[in-house]
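Novice: Give me a model of this one.
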Amino acid sequence: MSYRKVLLCLSCLFLSNVLFAKTATPSNKSRFIPLLKTKLGNYKVVSANSSLCVDSQLSLINPVYPGAGFKLGSQIVFESLHNGTRTTKKPNFCFITSTLKYKSDGLENGLRMSRCENPANEKTISQSIKFLADNTLKYTLSEPSVECTFKKADESK
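Specialist: Numbering: from 1, shown residues only. Sure, this is the predicted structure:
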C-alpha cells in the first residue's frame, strides 16, 4: 500500500513540475521580439533578385506595441506577430490565413488567401526573414520568387 502512495506522490510531483514548466516557459513569440529589437536599424543590399530589395530600415510598425509587427523598408512587412495560425476577413477581398513559425534565428510566415470575391486572388505564399552572422539578414518570398540579402549599415559613420 505504501508503494502506491509513493508512486502517486511522485506522479503528482512530476505532473506539477511539467505544468509549471509549461506555464513558466515563454512562447516563441516572446523570445523572438527581443531578438528582433537587437536587429533593428539601417540595412544595405548585398545581393538581390528583385526591385523589392532596396536599402532599407528594419523597424517596428508600432514601437509601443512590438506585437503589431515589423517592416524592412516600405514593401517588406510582417504584420501582427501572433502565435500559431490566425484567419481574418479583408472586406471586398478574401479570407487571409496567416501562420507564423518563430525560429531561433528568424521567422517564417505563410499566407493563404481563400474564399476570395475574385477567385484569381486565391493563392498561398510564404515569406521569411533569417538573421545570419555578421549583422546580415536574408529575406525570401515565394511568389513572386524574391531573395534579398542585407547587411546592417555601420552606424558609427
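Novice: ok, Phe93 touching Arg115?
Specialist: No. Phe93 lies out of contact with Arg115 (Cβ atoms under 8 Å); the separation is 9.9 Å. All C-beta atoms are positioned from the backbone trio N, CA, C, and that covers glycine.
Novice: what bridges to Lys103?
Specialist: For Lys103, the beta-bridge partners under DSSP bridges are Gly106.
Novice: thinking it is in contact with Asn109, fair?
Specialist: No. The criterion here is Cβ under 8 Å, and Lys103 misses it with Asn109 at 11.3 Å.
Novice: Among these two, which residue is more densely surrounded?
Specialist: Neighbour comparison, Lys103 and Asn109: the larger count goes to Asn109, with 20 against 15 (by other Cβ atoms under 10 Å).
Novice: what about the more buried one, which SS state?
Specialist: Following DSSP: H, G, I helix; E, B strand; the rest coil, the label given to Asn109 is strand.
Novice: For stretch 55-66, measure first residue to last.
Specialist: Terminal residues of stretch 55-66 lie 22 Å apart, using Cα to Cα, to the nearest Å.
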